[in-house]
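**Q** Give me the fold of what follows.
(one chain, ligands or ions: 2)
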Amino acid sequence: MRSFTGIAASPGIAMGKLRIVDRRRAVVSEYPIPSETVGHETARLAQAIEDTRIELEILKTRLAEINGQDHLFFIETHLMILTDNRLITETSEIIRSGMINAEGALRRTLHRYRETFSRIDDPYLRERISDVETVIERVLRSMSGEAVEPFPEHEEQIILAAHDFSPADMLQINRTNVLAIVTEIGGRTSHTAILARALDLPAVMGAEGITDLALDGRAVVVDGLTGAVIVDPDKEAFQSSLLRKQQYEHVEYELLKTASLPAVTRDGHLVNLRGNVEIPEEGAAVLLHGGSGVGLYRTEMLFMNRATMPDEDEQTRIYQAMQQAITPHLLTIRTLDAGGDKLLEGMAQAVETNPALGVRAIRLSLSMPDEFRKQLRAILRVSADGPVRIMFPMISGMEEVRAAKALLEEAKTELAARGVRFDPAVQVGVMIEIPAAVTLADLLAREVDFFSVGTNDLIQYTLAIDRTNGQLSHLYQPLHPAVLRALRRIVQAAHGAGIPACLCGEMAGDPLYLPVLLGLGFDELSMGAGSLLRVKQVLRRCTLEQSAILAEGCFAFSTAAEVEKYLNSQLTLDFAESTD
Ligand code: PEP
Ligand code: MG
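**A** Ligands and ions are numbered 1, 2, ... in the order given. This is a model prediction of the structure:
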C-alpha cells in the first residue's frame, strides 16, 4: 500500500485500475543551423519519424491484444500520416532552405498543414488536422527523447493519472470508463479542475510522484473529498473508502430532495443561485440541483479540440441547445475567454512567457474583431428566444468595455440588416477579475447592467498567485483581507450605480464563504451544479442581518488565517452541520 496526498479538486470517491498517460506537449524552439549540419538535422528527422512509427506499431499490437481489431482505426490513420512521404520531404526542404533545426522545420510544416486544412470545406475532413497535429507532436516528442501516449480508449474502470491534463484533454475523456483523474500539478481553480467538477469526475491534483510508471495498472482509490490517493489499498483501507463513498453518495441523494426549495434566508432575503456551465449537457444538471438559470456559460470549450473557429450558425446552435436545457431561466453567456491555461488549437497563438498576463480573454477577442462579432451575433440570435445576458471577461478598463460594446452594436446592426431577430435591450455585464477593474468599479458600473466577480482570477491577480500552481495553493486565500476589501468595494460600486453584484468564481460554491458573501451584499452566486444544494442549505439557515454583522466583523482582522479562525468560531453548530 502506498499513499499520496494532493489537492481535493473534484468531489467523489472512485476505485479502479491506475493508468498513467503522458500529456505534456513537446517544448521545442527554432534556431538557425550552419550549412554543414543540414544533413545531420535531416537524418535526425528521418530517425524520429522511424522511431515514432515503431512506437505506433507497438501500441497497435498492444491495443489489439487488449481489444481485438475493432478500435485500431485511429492508429492506422496516424501511421498513414506519418509514413506519407510528403511529411519528410517537405520538412527536409524547410531545413535546407530555411537553414533551421529539424524541430523548428517540423513546426513550420504543421503550420502549413493547418493553413491547407483550414481551407477545406467539408467540416469532417477539415477536423482531421487534429490527427496530423497529434502525429507531429509525437515526432517532436520523440526528437526530445520523450514519448507520448493517446488516452486508453477502451479499457474498463480506469483512473487516469498524468503529470497534467489540459482543458482540451478533459473534453476528450471518456466518462464511461474513466472513473477519476489524478495529476501531479494543478490547483482547485485551474480550468482542468473546473472541468473535472463539470464532468462529475472525482479528481485529485498535485499528487506528486503518481506518474511513477511502476504504479501503472495497480489498484487505486482516489478520494476527491480529501485529496488522498491510495495505491494497492489493504482490505481495511479499501473498506473504509467504500463506506465513505456510500455515505457521500447517500448525502448527495438526500440533498437532491431539497432542490425545489427556494433560495431564501430565514429573514426572507432571496439570493439568485445559478450554475456555471461549459457544455450544454450541464444545463440539465443545474436545473436538477435547483439552480435558477446559468450565471456563467464558459463558451471557450466550444472552441477547443478543433482546427478552426466555429462559425456563427454552429455557435448559435450550441447556445440554443444550452438555452433549451435551462428554459425558461436566464442564460448568462460569457464571450470567449481563451488564452492563459486555455489554449485553442485552431488559432496561431504566440508562445508567451506569462500566458496569464498575455493575450487572454477580451484582449484576444478585441484583437480579432471579425471573430468577436461572429460570436456576438450568435449570442444575440439566442437572445430572441429567452432571457440572455452577455458578459465580457477580464476587463481591465473603460476602453475595453467601450470597444466591446461598440462591436456589440455593430453586431446588432449586421443582424438587423439581415432581418434576424434579437433582443435589442440584451443586458451587458463585465467580469471583475483584475485589480484595475476593482479600482475602477465605480466608473465601470455606469457602463454596464451587472457585475460578475471572477474570484478565481481576482485572487490570482490580487495576490500574484498562479491559480494553476499546486505548490502555491496554501497562499491562494479567498479570505485574504485584500480580497475581502476588493469584494466589498465591488458590491458598493455596483449597488451605488443600481446594478446587481454577482459572483461566479469557485468561491461562490464553498458553503464556508456563503455567509460572508451574503453579508457583503452579493445578489447572485453562480457555481458548479454540484455545489448548489449545499450552498442553498447554508443560505436557508442564515439571516441577512446576522450575515452582514459577520461580514463586517471580518474586516477587523489583518490576515486570512485570522479571518478564517473568526469565521469558524462564529459559524458554530448551525453551519458546521450544513457542511457535513
Ligand atoms: C473566474 O476567474 O473566477 C472565472 C469565473 O472565470 P474563469 O475561471 O473561467 O477564468
Ligand atoms: Mg476568470
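
**Q** what does the stretch 1-150 of the chain put close to ligand 1?
**A** The stretch 1-150 of the chain comes close to ligand 1 at no residue, as judged by C-beta under 6 Å from any ligand atom. All C-beta spots, glycine's among them, are computed from the backbone N, C-alpha and C.

**Q** quick one: Leu296 from ligand 2, how far?
**A** Per C-beta to the ion, to the nearest Å, Leu296 is found 9 Å from ligand 2.

**Q** Next: Gly291.
**A** Noted for Gly291: a distance of 20 Å to ligand 2, by C-beta to the ion.

**Q** quick one: secondary structure of that residue?
**A** coil (DSSP: H, G, I helix; E, B strand; the rest coil).

**Q** count of residues packed around the residue lying closest to it once chain neighbours are set aside?
**A** Among residues not flanking Gly291 along the chain, Gly275 sits closest, at 4.1 Å (C-beta to C-beta, 6 or more residues apart in numbering). With neighbours defined by other C-beta atoms under 10 Å, the count for Gly275 comes to 32.

**Q** next structured bit after whichever strand or helix holds Gly275?
**A** Assessed by DSSP states H and E, Gly275 sits inside strand 272-277. Per DSSP H and E, the first helix or strand lying C-terminal to strand 272-277 is helix 281-288.

**Q** Can you spell out which helices and strands pack onto that following helix?
**A** Applying 3 or more C-beta pairs under 8 Å, 6 or more residues apart in numbering; DSSP states H and E, one finds that helix 281-288 makes contact with strand 272-277, helix 312-326, helix 529-539.

**Q** Need those in TSV (columns: mean pLDDT and distance to Thr61).
**A** Output for these, formatted as TSV (pLDDT from 0 to 100; distance: least, C-beta to C-beta, whole Å):
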stretch	mean pLDDT	distance to Thr61
strand 272-277	97	41
helix 312-326	95	39
helix 529-539	95	41
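
**Q** Would you tell me which one of these is buried the most?
**A** Per residue and on average, the most neighbours among these fall to strand 272-277, with a mean of 27 (mean count of other C-beta atoms under 10 Å).

**Q** near ligand 1, anything from that one?
**A** No - if you take C-beta under 6 Å from any ligand atom as the test, strand 272-277 misses ligand 1, and the best it gets is 6.9 Å.

**Q** Identify the residues contacting Ser473.
**A** Ile7, Gly187, Arg188, Gly206 (C-beta atoms under 8 Å, 6 or more residues apart in numbering).

**Q** In a markdown table: these, plus distance to ligand 2.
**A** What follows is the contacts of Ser473, written out as a markdown table (distance: C-beta to the ion, whole Å):
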| residue | distance to ligand 2 |
| --- | --- |
| Ile7 | 19 |
| Gly187 | 13 |
| Arg188 | 14 |
| Gly206 | 21 |
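
**Q** now, which of these lie within strands?
**A** Counting by DSSP state E, the part of the contacts of Ser473 found in strands is Ile7.

**Q** Parallel or antiparallel, which strands does the longest strand along the chain pair with?
**A** Using DSSP E to define each element, the chain has its longest strand at strand 13-20. Sheet pairing of strand 13-20 (DSSP bridges) gives strand 158-162 (parallel), strand 219-223 (antiparallel).

**Q** Centre of the chain to it, how far?
**A** Centroid separation for strand 13-20 versus its chain: 22 Å, with C-alpha atoms, centre = their mean, to the nearest Å.

**Q** List the contacts of the residue nearest to Gly291.
**A** Here Gly275 is in contact with 282-283, 285-286, 289, 291, 293-296, 326, 526-529, 532 (C-beta under 8 Å, 6+ apart).

**Q** and if you look at Arg402?
**A** Applying C-beta under 8 Å, 6+ apart, one finds that Arg402 lies in contact with Glu447.

**Q** by contact count, what packs against the longest helix seen in the chain?
**A** Longest helix in the chain, counting residues (DSSP state H): helix 38-67. In terms of contacts (3+ C-beta pairs under 8 Å, 6+ apart), helix 38-67 is packed against helix 73-83, helix 85-98, helix 102-118, helix 129-143.

**Q** Pick the most deeply packed of those helices.
**A** Note that of the helices and strands packed on helix 38-67, helix 129-143 is the most buried (mean count of other C-beta under 10 Å), with a mean of 20.

**Q** how many degrees apart are that one and helix 73-83 in direction?
**A** Our comparison of helix 129-143 with helix 73-83, counting by axes from the mean of the first three to the mean of the last three C-alpha atoms, to 10 degrees, yields an angle of 70 degrees.

**Q** Centre of the chain to helix 129-143, how far?
**A** Using C-alpha atoms, centre = their mean, the offset of helix 129-143 from its chain centre is 24 Å.

**Q** how far away is the residue nearest the centre of the chain from Pro11?
**A** Using C-alpha atoms, centre = their mean, the residue of the chain that lies closest to the mean C-alpha position is His191, 2.7 Å off. Distance, His191 to Pro11, using C-beta to C-beta, to the nearest Å: 17 Å.

**Q** So, low pLDDT: which residues of the stretch 101-250 of the chain?
**A** Filtered on pLDDT under 70, the stretch 101-250 of the chain yields the residue ranges 122-128, 130, 145-155, 168.

**Q** what comes into contact with stretch 317-334?
**A** 274-275, 277, 280-284, 286-287, 291-299, 302, 310, 378-379, 381-382, 385-393, 429, 431, 452, 526.

**Q** Test my guess that Val426 contacts Pro387.
**A** No - contact criterion C-beta atoms under 8 Å: Val426 and Pro387 do not qualify, at 9.1 Å.

**Q** between those two, who's got more neighbours?
**A** Val426 (20 against 17).

**Q** who are the neighbours in contact with that one?
**A** Ile379, Leu380, Ser383, Val388, Arg389, Ile390.

**Q** for the longest helix of the chain, what is the average pLDDT?
**A** Averaging pLDDT along helix 38-67 yields 81.

**Q** what does stretch 448-457 give?
**A** On average, stretch 448-457 scores 97.

**Q** what's the first-to-last distance across it?
**A** 20 Å (C-alpha to C-alpha, to the nearest Å).

**Q** just stretch 287-294 next, same as before
**A** 9 Å.

**Q** ok, now stretch 164-183?
**A** So stretch 164-183: terminal residues 5 Å apart, C-alpha to C-alpha.

**Q** Report whether it contacts ligand 1.
**A** No - shown here: stretch 164-183 not in contact with ligand 1 (C-beta under 6 Å from any ligand atom), separated by at least 9.8 Å.

**Q** if you look at that stretch, does any of it touch ligand 2?
**A** No - Stretch 164-183 does not reach ligand 2 (C-beta under 5 Å from the ion); its nearest approach is 12.8 Å.

**Q** And that stretch, what's buried?
**A** Burial within stretch 164-183, assessed by neighbour count using 16 or more other C-beta atoms under 10 Å, is assigned to 164-171, 173, 177-183.

**Q** Relative to ligand 2, which of these is nearest.
**A** Checking the buried residues of stretch 164-183 against ligand 2 with C-beta to the ion, the nearest one is Pro167 at 12.8 Å.

**Q** Excluding sequence neighbours, find me the nearest residue to the closest one.
**A** Nearest to Pro167 is His191, by C-beta to C-beta, 6+ apart, at 4.5 Å.
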